[in-house]
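Trainee: need coordinates for the below:
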Amino acid sequence: MQKTTFTVADYLLTRLKQLNVTEVFQIPGDYVKHFTQALEHFDGVNAIGCINELDAGYAADAYGRTRGLAAVSLQYGVSTFIALNAVGGSYVERSPVVVISATPGADARQITKMYDVLYHHSTGNLAADQEVYDQVTVACETLSTSAGAGEKIDNLLIAALTHKRPVFIECYKEVWGEPCLPPPDTALKPIIPKSVPLALDNAVTAAWTQITQAKNPMIFAGVEVLRHGLSPLLQELIDVSGFLYTTTSLGKTVLDEGGDKFVGTYSDQASIQSVLDLVTASDCFLTLGTIITDDYLWFVENKYADMVLATTELTRVGYFIYEGVTMKDFMEALIARFKAQGNPYPLQVKAPPQPPYPDPWAANSDPRWNDRPDVITYNRFFQYTMKYLTDNNLLNQIVWTFGISSAMYVATNAYGLTQNSFLASAAWQIIGYETGAASGAQLGSGKRAWTVAGDGGFMMVCQSLSTLARNKLNAVIFVMSNGVYAIEQVYVNMDAFEFGPEHKFDTFDILPKWDYLALAQAFGAKGYRVTTVDELVNLLPELETLTGVPALVEVVIPEKDLPQQMRRLGLE
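Mentor: Numbers count the residues shown, from 1 in each chain. Predicted coordinates for the structure are as follows:
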């Protein structure tokens, strides 16, 4: 029988399709059945069945980062609460995700009122989901009726597009299936706030004074520039100023890397030495769209007064804060100032030339393995995989995903990646994000996901491998297999990495032994195990031939391998 009623679910799905959201990540549930049933038959938007809520949440987060908007459908209570961790990361790291759910309907609420019945999945507070999600979203709605539903849905989506952060919508169970007319026709767009003219002029004048007095200025770019589509402005600002630039770990690949002014990513002591030297020597940082986390405490403590800062939340020059000034307007006004000088270097001292980028891997590999060139270390893994990708012109065809792990910090030293191809939980710092993110990263970007996971992180969400197989995605999951939570041990007691029976890892940082090849087979993936550099090098071309099936690669590294990036971080 052909469907004739245009429902609230159809309205939301139509809007998502208009905004180029062609996949919705989904966990089933009885309360949300009217939405999931509509999704199953909706032309142009596919349901991506996920194995669990974190899998779905991480996938939606990565999809939002690469596509510009994402959606995840969850069951009430037991499902939304599990996904909260993933959505918290989306909120912190600026990924616009529409969280879709449902709640006990009008009939259930009346029965509860009359007979004091506790409905399944409920805490007893039927508003609990919205109250919880209010902490990690920029807008929340619970629809008790289809009346006005279209306008409320539009406002939620506009908020997600405007702030590049999650929103939450739940309906009474029956409302998703209720009529909602007329269908949407006009396009939704983000709200672009404008600066207060005088405040903008004051901020730019103060910034210009600080910039022109500097002898070693730099641009320090962050992820908000990328999320809000301001990367072209950043490139223009680099071009007209001549400044060298670096990025945060979270903001890595805000532009294509390898331009004539990119010096490498600044990840505090995990950075290569030349980046550390440039940051230390700089006396003015044009800091744009950066989220400053506790990874950058040294920077804040030593360079706070040297910052000219513009983000979506704050504009500051030195110690002075300017209200009513947007990052976009600030960048455009600064570009105009540079152009008005008639000289690309209107400074006391000409901006320095870009230093050559050294090979970061050999210098940072654990020197205790120097006499064992066959051993795979963290740095050797990236040394050989990056060489393969670069030599075969594959960097523009992949997107990297990382949770918080030693591998993520080592990977920040990579150079030459393409724009928006480095997805990492560098601020929220979720262990396990990378594996769940793989499906969303690949579906959202249209590129192949290359995931590098710690074995501890992979164990948390290994079922995501099944989601990849189910959806015939040829993502590659590299598991850095050393049998321990290495990154945790670094911050607990780094002496454990020393040789000798007296130097032991804490019991809570020791992982169980897994048969990854058997696991891959069980989940429908291709399984591989590499124990030497030669085995890794020989495997990489074979991985390139895989289609329609994911690969799980166990990369065996020594338990006590301590990359120099992590050693320096641990000594801070």
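Trainee: those strands in the stretch 351-500 of the chain, which residues are they?
Mentor: Ranges of strands within the stretch 351-500 of the chain are 398-402, 422-424, 448-454, 476-481, based on DSSP state E, counting those that start in this stretch.
Trainee: who wins for proximity to residue 438 among those strands?
Mentor: Of all the strands of the stretch 351-500 of the chain, strand 448-454 sits nearest to residue 438, with 4.1 Å by Cβ to Cβ. Heads up, the C-betas are built off the backbone N, CA and C, glycines and all.
Trainee: list the buried residues in the closest one.
Mentor: Neighbour-count burial for strand 448-454, counted by 16 or more other Cβ atoms under 10 Å, picks out 448-454.
Trainee: return the list of strands paired to it, each annotated with direction.
Mentor: Sheet pairing of strand 448-454 (DSSP bridges) gives strand 398-402 (parallel), strand 476-481 (parallel).
Trainee: now render the strands of the stretch 351-500 of the chain as CSV, adding distance to residue 55 and mean pLDDT.
Mentor: Listed next are the strands of the stretch 351-500 of the chain as CSV, based on distance: least, Cβ to Cβ, whole Å; pLDDT from 0 to 100:
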stretch, distance to residue 55, mean pLDDT
strand 398-402, 13, 98
strand 422-424, 15, 98
strand 448-454, 13, 97
strand 476-481, 13, 98
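Trainee: distance to residue 441 added to those, as JSON lines?
Mentor: Shown next, in JSON lines, are these (distance: least, Cβ to Cβ, whole Å):
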{"stretch": "strand 398-402", "distance to residue 441": "5"}
{"stretch": "strand 422-424", "distance to residue 441": "6"}
{"stretch": "strand 448-454", "distance to residue 441": "5"}
{"stretch": "strand 476-481", "distance to residue 441": "12"}
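Trainee: before we move on, back to that, and of the buried residues of strand 448-454, the nearest to residue 187?
Mentor: residue 449 (29.9 Å).
Trainee: what's the closest one in contact with, if anything?
Mentor: By Cβ atoms under 8 Å, 6 or more residues apart in numbering, the contact list for residue 449 reads 398-401, 437-439, 441-442, 473, 475-476.
Trainee: hmm, try it at 6 Å
Mentor: By Cβ atoms under 6 Å, 6 or more residues apart in numbering, the contact list for residue 449 reads 399, 401, 438, 441-442, 475.
Trainee: all helices for the stretch 251-400 of the chain, in order.
Mentor: 273-281, 297-303, 327-340, 361-364, 378-391 (DSSP state H, counting those that start in this stretch).
Trainee: now do the stretch 51-200 of the chain
Mentor: So, for the stretch 51-200 of the chain - with DSSP H, counting those that start in this stretch - the helices run 53-67, 78-93, 106-115, 128-133, 149-163, 197-213.
Trainee: lowest average confidence across those, which one?
Mentor: Of all the helices of the stretch 51-200 of the chain, the minimum mean pLDDT falls on helix 106-115 (a mean of 84).
Trainee: domain map for the protein?
Mentor: 8-177, 197-340, 361-571 (automatic domain parsing).
Trainee: greatest separation within the buried residues of strand 448-454: which pair is it?
Mentor: 448 and 454 (20.9 Å).
Trainee: measure residue 152 to residue 143 for me?
Mentor: 6 Å (Cβ to Cβ, to the nearest Å).
Trainee: these two: who's more crowded?
Mentor: residue 143 (21 against 16; other Cβ atoms under 10 Å).
Trainee: relative to residue 514, how far out is the nearest residue to the more buried one once chain neighbours are set aside?
Mentor: Spatial nearest neighbour of residue 143, excluding adjacent residues (Cβ to Cβ, 6 or more residues apart in numbering): residue 171 at 4.4 Å. To residue 514, residue 171 is 41 Å away according to Cβ to Cβ.
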